[in-house]
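*Asks:* got a predicted structure here, sequence first:
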Amino acid sequence: MSLKFTEELIDAYDYEQPYRGEIRTGILLEINEYGAFIDVGLKHDGFVPRSDIESLGDSIISELVPGSEVKIRVIKPVDRDGSLTLSLSQVQAEKDWEKVSELMEQDEIVRVKIFESNRGGLLAKYNHLQVFIPASHLWQRNHRDLKSYIDEELAVKFIEVDKLSNRLIGSEEKAEKELSQQRLDELMNDLIEGQVRKGVVRHLTDFGAFVDLGGADGLIHNSELAWKHVNHPGDIVKVGDEIDVYVLELDHKRQRINLSLKRLKSNPWNEVAENYSVEQLVMGRVTKVVNYGAFVRLDIGVDGLLHISEIAEPAPDDPREFIERGEKVVLRILDIDPFRERMGLSLKRVSEEERAAWLDQQSESTHV
């Protein structure tokens with residue numbers, strides 16, 4: 001019996017001939033700079049290229065020692081030269097697909113590292129799988145250039161797992177919404193009304209300033225920015241300012257944190273009774289003109305209301321016909337209510353003679 005005949009006979013009865021894509025268990029025989037040789041129980045040992053090994057990651061590579069048991073996938077079955085090409089990384093990817101399916105089902109948050117960007121979004125790695133994060137699912141998509149995310153780690157939730165199409169989609173927005181809620185819950189349990197805390201101004205709106213207290217935001221409404229009337233929060237604070245804030249109210253039902261800046265300063269309305277009286281003439285600067293009148297700031301920092309009915313006789317259709325923002329005017333105090341922090345002023349009840357005399361008196365006292 002010839003040697004060739006013997007080999008053909010053995011091959012014919014070798015029922016364990018490998019097929020492409022098959023997963024087998026083997027014993028690592030040798031690992032070197034070119035790759036690894038693995039005994040998979042066949043006539044020929046299998047070979048894993050170095051490039052495949054390097055994609056495994058340091059933690060897995062460190063466990064690859066001669067004699068260890070490993071799982072492999074057959075990439076190329078035995079050819080005429082007896083070569084059997086195997087892959088260690090593809091088995092790991094198989095485990096990763098099972099893991100990401102489990103993570104999506106359990107609605108878990110994971111962290112992934114961004115390695116590339118394109119027009120549609122970001123590409124990241126989760127173990128041996130590639131994750132696509134659409135721009136529409138980024139938490140700060142309106143404020144950042146996509147390239148700036150490269151090499152950064154993001155928290156994501158998997159929203160689509162399709163192994164057959166090799167499609168894995170993640171959402172930073174869904175993850176950050178949950179994390180923000182967790183941080184808010186923790187912060188609200190930690191805060192106490194009346195506390196003074198440090199924060200950073202993160203965002204300004206027409207109605208107030210949002211301040212980051214350490215992972216969650218609280219709001220300083222315009223009415224709590226200063227004791228005087230505030231037209232826009234940008235007149236008092238700027239984005240990026242580090243400030244001390246007073247914890248005014250914790251609304252656990254609506255999960256809102258209301259803050260104050262003015263409560264950390266003395267209330268000028270406490271000085272109103274000492275400085276002003278009804279019928280007194282005062283000078284103020286117009287800070288805001290509205291349809292029903294104007295707000296006028298007096299020298300100690302309180303704002304009084306000049307109602308449209310007190311501007312002129314008859315009352316104008318539009319206050320702007322008589323006064324404008326920034327203008328200085330001499331007015332008569334009609335009423336004072338320090339408890340409600342209100343003061344009524346009048347322009348029409350000051351005659352030209354009174355106005356001239358008052359201005360002369362102020363000028364003389366200034367030069368004394």
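*Replies:* It's in. Residues are numbered from 1 along each chain as shown.
*Asks:* count of neighbours near N258?
*Replies:* Neighbour count of N258, defined by other CB atoms under 10 Å: 17. In this view, the C-beta of every residue, glycine as well, is placed from N, C-alpha and C.
*Asks:* now it: which helix or strand?
*Replies:* Here N258, judged by DSSP states H and E, is contained in strand 256-260.
*Asks:* following that strand, which helix or strand comes up?
*Replies:* Using DSSP H and E, the helix or strand that follows strand 256-260 in sequence is helix 272-275.
*Asks:* thinking again about what came up before, contacts for the strand holding N258?
*Replies:* Outside strand 256-260, the residues that touch it by CB atoms under 8 Å, 6 or more residues apart in numbering are 184, 187-188, 191, 199, 211, 213, 216-221, 224, 245-251.
*Asks:* one more pass at 6 Å, please.
*Replies:* For strand 256-260, the external contacting residues (CB atoms under 6 Å, 6 or more residues apart in numbering) are 211, 218, 220, 224, 245-246, 248-249.
*Asks:* in the stretch 251-368 of the chain, what residue spans correspond to strands?
*Replies:* 256-260, 281-290, 293-297, 303-307, 328-337, 342-346 (DSSP state E, counting those that start in this stretch).
*Asks:* dump the ones you listed into TSV; add mean pLDDT and distance to R20 as well.
*Replies:* Formatted as TSV, the strands of the stretch 251-368 of the chain follow (pLDDT from 0 to 100; distance: least, CB to CB, whole Å):
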stretch	mean pLDDT	distance to R20
strand 256-260	94	60
strand 281-290	93	77
strand 293-297	94	80
strand 303-307	94	81
strand 328-337	95	88
strand 342-346	95	85
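*Asks:* that older thread, ok, of the contacts of strand 256-260, which come out buried?
*Replies:* For these, a burial check counting by 16 or more other CB atoms under 10 Å picks out 211, 218, 220, 224, 245-246, 248.
*Asks:* how about low-confidence regions in this structure?
*Replies:* Residue ranges of the chain with pLDDT under 70: 1-16, 57, 59, 79-82, 141-143, 364-368.
*Asks:* now, among the buried ones among the contacts of strand 256-260, which is nearest to M104?
*Replies:* Within the buried ones among the contacts of strand 256-260, proximity to M104 (CB to CB) peaks at G218, which comes in at 33.4 Å.
*Asks:* wasn't that closest one part of a helix?
*Replies:* No - counting by DSSP: H, G, I helix; E, B strand; the rest coil, G218 is not found in a helix; it is strand.
*Asks:* report the spatially nearest residue to it, omitting neighbours in sequence.
*Replies:* Nearest non-adjacent residue to G218, counting by CB to CB, 6 or more residues apart in numbering: I257, 3.4 Å away.
*Asks:* just R24 next, same as before
*Replies:* Here the residue nearest R24, using CB to CB, 6+ apart, is V40, at 4.8 Å.
*Asks:* who does the residue nearest to G218 form a beta bridge with?
*Replies:* L250 (DSSP bridges).
*Asks:* domain map for this protein?
*Replies:* Using automatic domain parsing, the domain ranges for the chain come out as 3-87, 94-176, 192-264, 268-367.
*Asks:* measure A312 to G293 for me?
*Replies:* Distance, A312 to G293, using CB to CB, to the nearest Å: 11 Å.
*Asks:* same question, D45
*Replies:* 93 Å.
*Asks:* in the protein, where's the longest helix?
*Replies:* helix 172-190 (DSSP state H).
*Asks:* show residues contacting that helix.
*Replies:* By CB under 6 Å, 6+ apart, helix 172-190 touches 109, 133, 137-139, 154-157, 215-216, 250.
*Asks:* buried stuff in the very next helix or strand once past it?
*Replies:* Toward the C-terminal end, the helix or strand that comes next after helix 172-190 (DSSP H and E) is strand 196-205. Neighbour-count burial for strand 196-205 flags 197, 199, 201, 204 (criterion: 16+ other CB under 10 Å).
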